[in-house]
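Undergrad: Coordinates only, no sequence provided:
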Ligand code: NAP
């Protein structure tokens, strides 16, 4: 079974650097794929209220037989629930069937709603009460972090952002790391789009591993937390085994050179959807 490194967050909590994401995993498949991921050796699951599959994650955690404290589970507050964050947290906690959530994130800042500071203050209270081991943000830009730092007390433990070889957000990552905020890469494979780049396929051939393993080894090598998603057990295992692939600094640089501002998802400065 692959050994995944742990990173220590700014409050001392440790997080497996390679986790398993479940966005777009249908609710009826979620228990199965999360159990397969846990069986393969993942100990970090990333879900969100908006994904509609927290109950499947909770069912897998309950059924897998692992001690609760061996599994790191993250979920996120929906954009449309910024005004009812405390209630939404309780709904997630019940769906996940856990007493304590490991990491709770504001899914998007939605600056047009103007509520993320209030939300953060609610998360600070949940954290102080022991309902969550760490609180963080997702899709936050440096000016959103500056607002939190100026108006609230707890520094976010992580910022979960779109980050893959063709969209690296280096300046944004550096700004957050400069304040002790760990960078967590979502869509770490570029939803598959980054796997055909010549540098990726050439390194895969050189190391005798898959393109996905090269991309994930790059994430781990440059210090990102990464949460690839797959519904196929062979890929679930393959992605985890990337923790055993080590790239030299020159090889890491070859992947870093692929950066080309190829955003896939929404721009957090303007994203204002409330269905998520
Ligand atoms: P991703 O992990 O980069 O890519 C997933 C896609 O790649 C799926 O189509 C999957 O197909 C395919 N894939 C997975 N492993 C593969 C492999 N070894 N070889 C070839 N193809 C492979 O993208 P993502 O799902 O967007 O992001 C991962 C996680 O990040 C999500 O599940 C979610 O937890 C999180 N996320 C967070 C946000 C946010 O706003 N905070 C936004 C997006 C995602 P199959 O499933 O068919 O194998």
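TA: Received the coordinates, thanks. The structure presented is a predicted model; accordingly, all values stated were derived computationally and were not measured. Residues are numbered from 1 along each chain as shown.
Undergrad: and whichever strand or helix holds residue 253, what other elements does it pack with?
TA: Secondary structure assignment for residue 253, by DSSP states H and E: helix 249-256. In terms of contacts (3 or more C-beta pairs under 8 Å, 6 or more residues apart in numbering; DSSP states H and E), helix 249-256 is packed against helix 198-207, helix 211-222. Backbone N, C-alpha and C define where each C-beta goes, glycine included.
Undergrad: now, of these, which is deepest in the fold?
TA: Among the helices and strands packed on helix 249-256, ranked by average contacts under mean count of other C-beta atoms under 10 Å, first place goes to helix 211-222 (a mean of 24).
Undergrad: The helices and strands packed on helix 249-256: which one's closest to residue 249?
TA: Residue 249 sits nearest to helix 211-222 of all these, at 8.2 Å, using C-beta to C-beta.
Undergrad: wait, which of the helices and strands packed on helix 249-256 is closest to the ligand?
TA: Of all the helices and strands packed on helix 249-256, it is helix 211-222 that lies closest to the ligand, at 3.2 Å by C-beta to the nearest ligand atom.
Undergrad: Quick one: work out the angle between the closest one and helix 249-256.
TA: 110 degrees (axes from the mean of the first three to the mean of the last three C-alpha atoms, to 10 degrees).
Undergrad: For helix 211-222, what does the pLDDT average out to?
TA: Regarding helix 211-222, the rounded mean pLDDT is 98.
Undergrad: Is the next helix or strand after it in proximity to the ligand?
TA: Later in the chain than helix 211-222, the nearest helix or strand by DSSP H and E is strand 225-226. No - on the criterion C-beta under 6 Å from any ligand atom, strand 225-226 is out of touch with the ligand, staying 8.3 Å away.
Undergrad: Can you tell me what sits against strand 225-226?
TA: For strand 225-226, contacts defined as C-beta atoms under 8 Å, 6 or more residues apart in numbering pick out 7, 15, 17-19, 158, 182-185, 188, 216, 219-220.
Undergrad: and what of stretch 137-157?
TA: With C-beta under 8 Å, 6+ apart, stretch 137-157 has contacts from 9-11, 13, 76, 103, 105-109, 111, 116-117, 120-121, 123-124, 127, 134-136, 158-162, 172, 175-176, 179-182, 184, 186, 266, 268-269, 271.
Undergrad: Wondering if it reaches the ligand at all.
TA: Yes - using C-beta under 6 Å from any ligand atom, stretch 137-157 comes into contact with the ligand via 138, 139.
Undergrad: List the buried residues in that stretch.
TA: Neighbour-count burial for stretch 137-157, counted by 16 or more other C-beta atoms under 10 Å, picks out 137-141, 144-145, 147-148, 152, 154-157.
Undergrad: any chance you could map the strands in the chain?
TA: Secondary structure of the chain (DSSP state E): strands located at 6-8, 14-16, 20-21, 44-46, 72-77, 101-106, 132-138, 158-162, 182-186, 225-226.
Undergrad: Ranking those strands by mean neighbour count, which comes first?
TA: A comparison of these by mean neighbour count, using mean count of other C-beta under 10 Å, puts strand 225-226 on top with a mean of 28.
Undergrad: one step back: point out the one among the helices and strands packed on helix 249-256 that comes closest to residue 64.
TA: Of all those, it is helix 211-222 that lies closest to residue 64, at 22.8 Å by C-beta to C-beta.
Undergrad: Determine how far the closest one lies from the middle of the whole chain.
TA: Put simply, helix 211-222 sits 15 Å off its chain's centre (C-alpha atoms, centre = their mean, to the nearest Å).
Undergrad: what helices or strands is it leaning on?
TA: If contacts are counted by 3+ C-beta pairs under 8 Å, 6+ apart, helix 211-222 sits against helix 198-207, strand 225-226, helix 233-240, helix 249-256.
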